[in-house]
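Colleague: Need the 3D shape of this:
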Amino acid sequence: MVSLFDSFDLNGTRLNNRIVMAPMTRSRAPEDIPTEMGALYYRQRASAGLIISEGTPISRQGQGYLYNPGIFGPDQLAGWAKATRAVHERGGIFFAQIWHVGRVSHTTVQIAGASPVGPSDKQGGMAFGYNDDGQPDMLKASQPRRLDTHEVHDIVHDFAQAAVNSRDVGFDGVEVHGANGYLFEQFLNPEVNDRDDEYGGSRENRCRLLLEVIDEVSKMIGARRVGVRLSPFGTLFDMPEYDDNGETYLYLAREFNKRGLAYVHLHDQGGQGMPPMPRDYLRQFRDVYQGNLLLAGNLDQEEAEKLVNEGTIDLPVFGRYFTSNPDLVERMQNGWPLADFDANTFYGGDARGYVDFPTYPEEQARLAREEMIREKS
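Modeller: Model (predicted):
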């Protein structure tokens with residue numbers, strides 16, 4: 001019987017347990033620079049076996065949300081260094097999720113009002129930018145501009161530089177964000193990608209950009225420090241379904257087998273109201289991919305333990321309950337009740353709903369103090 005609380009060898013990186021904190025955008029970085037409060041947020045949750053950071057854009061072009069900490073400017077790097085130091089002081093392991101949103105952006109987020117970019121000029125998705133009144137708002141993504149071939153090559157280099165930046169500020173590795181309707185998934189999807197160069201058409205060509213990025217990033221920091229997130233059958237942000245979807249991701253699984261990565265991280269979008277990834281496909285992917293496999297998507301402890309013990313996955317990934325339970329690992333291990341999350345505080349705001357959730361012992365101590373006060377009054 002495998003325990004979620006046993007240590008785990010992530011291709012040479014030792015994790016204190018098998019519980020992974022999901023990458024979660026929280027939109028609390030003024031001027032897109034990581035803050036001291038953000039460092040505290042991650043420090044509070046450092047008992048997770050592995051923390052994957054919120055998506056951190058590799059460039060301004062790759063950004064689709066306001067208040068989203070990037071990994072390309074000097075002030076951003078200094079801010080992330082505080083966060084990695086805070087996690088390591090508690091013995092945690094921290095990977096940066098490096099990210100380009102592609103077409104899922106808005107002109108008010110881009111430099112000088114530039115158009116978002118993608119594999120084609122097909123529009124889709126929502127972005128967090130400024131509305132006509134100059135207020136932050138969720139908006140329909142702006143009309144994108146098709147990337148020239150040489151610009152696609154530039155994005156490969158931007159990802160490589162982001163990986164180097166991540167290493168230099170203390171991250172233990174990086175996760176390339178290839179899921180959820182963003183740039184790589186736009187290239188993978190033939191209903192969005194209508195290119196006729198080496199990045200469009202065949203399955204191999206549609207997968208080329210992601211594999212080139214994986215290879216270049218691995219060259220910079222070592223493959224054993226590189227993970228990748230994918231969402232087979234995902235339809236988030238107006239991604240159309242297509243017949244070759246399952247086989248496209250199995251092709252990637254076989255390619256990843258050749259590269260010795262830290263892990264592949266699958267995201268089942270069923271927890272976000274999208275059609276779920278079929279469980280028989282998860283098993284099929286597991287049969288093809290020989291490395292460490294992570295799964296996110298509305299898991300609870302019971303299902304996570306089942307999937308790990310039957311060998312379907314190696315590490316379960318938890319998101320929303322990590323927002324409200326900084327000590328989620330300890331709560332699971334001890335059978336303590338979980339604090340409810342507050343979806344109204346997921347995106348934007350201040351400390352409320354971000355760093356003010358107590359641990360279970362802290363909450364019990366507060367209740368005990370209140371009881372003593374009542375007894376004395």
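
Colleague: in this protein, which strand has the most residues?
Modeller: strand 50-57 (DSSP state E).

Colleague: Summarise which helices and strands that strand is packed against.
Modeller: Identification of packing neighbours for strand 50-57 by 3 or more Cβ pairs under 8 Å, 6 or more residues apart in numbering; DSSP states H and E yields strand 20-21, helix 74-89, strand 94-99. Any C-beta I mention is one placed from the backbone N, CA and C, and that applies to glycine too.

Colleague: Adding mean neighbour count as columns, could you present the ones you listed in TSV?
Modeller: Listed next are these as TSV, based on neighbours: other Cβ atoms under 10 Å:
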stretch	mean neighbour count
strand 20-21	28
helix 74-89	18
strand 94-99	27
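
Colleague: TSV please, covering those and showing distance to residue 49 and mean pLDDT.
Modeller: Below are the helices and strands packed on strand 50-57 laid out as TSV (distance: least, Cβ to Cβ, whole Å; pLDDT from 0 to 100):
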stretch	distance to residue 49	mean pLDDT
strand 20-21	6	98
helix 74-89	12	98
strand 94-99	11	99
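
Colleague: Can you tell me which of those is nearest to residue 286?
Modeller: strand 20-21 (16.6 Å; Cβ to Cβ).

Colleague: That closest one: how far from the chain's middle?
Modeller: Centre-to-centre, strand 20-21 and its host chain are 10 Å apart (Cα atoms, centre = their mean, to the nearest Å).

Colleague: show me the contacts for the closest residue to residue 172 other than its chain neighbours.
Modeller: Spatial nearest neighbour of residue 172, chain neighbours left out: residue 93 (5.0 Å); criterion: Cβ to Cβ, 6 or more residues apart in numbering. Listed by Cβ atoms under 8 Å, 6 or more residues apart in numbering, the contact partners of residue 93 are 10, 13, 14, 15, 16, 49, 50, 51, 87, 172.

Colleague: Check residue 305 too.
Modeller: For residue 305, counting by Cβ under 8 Å, 6+ apart, the contacting residues are 2, 4.

Colleague: quick revisit: most neighbours, which of the contacts of residue 93?
Modeller: Ranked by the number of neighbours (other Cβ atoms under 10 Å), the contacts of residue 93 place residue 50 first, at 28 neighbours.

Colleague: Tell me who's in contact with the closest residue to it other than its chain neighbours.
Modeller: Nearest residue to residue 50 in three dimensions, chain neighbours excluded: residue 20, at 4.6 Å (Cβ to Cβ, 6+ apart). Residue 20 makes contacts with 48, 49, 50, 51, 52, 294, 296, 315, 316, 317, 318, as judged by Cβ under 8 Å, 6+ apart.

Colleague: In CSV: the residues you listed, plus distance to residue 265 and pLDDT.
Modeller: Output for the contacts of residue 20, formatted as CSV (distance: Cβ to Cβ, whole Å; pLDDT from 0 to 100):
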residue, distance to residue 265, pLDDT
48, 14, 98
49, 13, 98
50, 10, 99
51, 13, 99
52, 8, 99
294, 4, 98
296, 7, 97
315, 8, 98
316, 11, 98
317, 7, 98
318, 13, 98
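
Colleague: Narrow the residues you listed to those that are buried.
Modeller: 48, 49, 50, 51, 52, 294, 296, 315, 316, 317, 318 (16 or more other Cβ atoms under 10 Å).

Colleague: circling back: please name the bridge partners of the residue nearest to residue 50.
Modeller: residue 50, residue 317 (DSSP bridges).

Colleague: now it: how far from residue 120?
Modeller: As judged by Cβ to Cβ, to the nearest Å, residue 20 and residue 120 stand 34 Å apart.

Colleague: Please apply the same query to residue 351.
Modeller: With Cβ to Cβ as the criterion, residue 351 and residue 120 are 41 Å apart.

Colleague: Those two: who's more crowded?
Modeller: residue 120 (19 against 12).

Colleague: Confirm that that one lies within a strand, as I assumed.
Modeller: No. Residue 120 sits outside any strand when classified using DSSP: H, G, I helix; E, B strand; the rest coil, being coil.

Colleague: Which of the three states applies to the nearest residue to residue 143 once chain neighbours are set aside?
Modeller: Excluding the flanking residues, the one nearest residue 143 by Cβ to Cβ, 6+ apart is residue 123, at 5.3 Å. Secondary structure, three-state DSSP: residue 123 is coil.

Colleague: got the buried residues for the lowest-mean-pLDDT helix or strand in the chain?
Modeller: The weakest-scoring helix or strand in the chain, judged by mean pLDDT, DSSP states H and E, is helix 360-376 (a mean of 89). Within helix 360-376, the residues scored as buried using 16+ other Cβ under 10 Å are residue 360.

Colleague: What is it packed up against?
Modeller: Counting contacts by 3+ Cβ pairs under 8 Å, 6+ apart, helix 360-376 is packed against helix 328-334.
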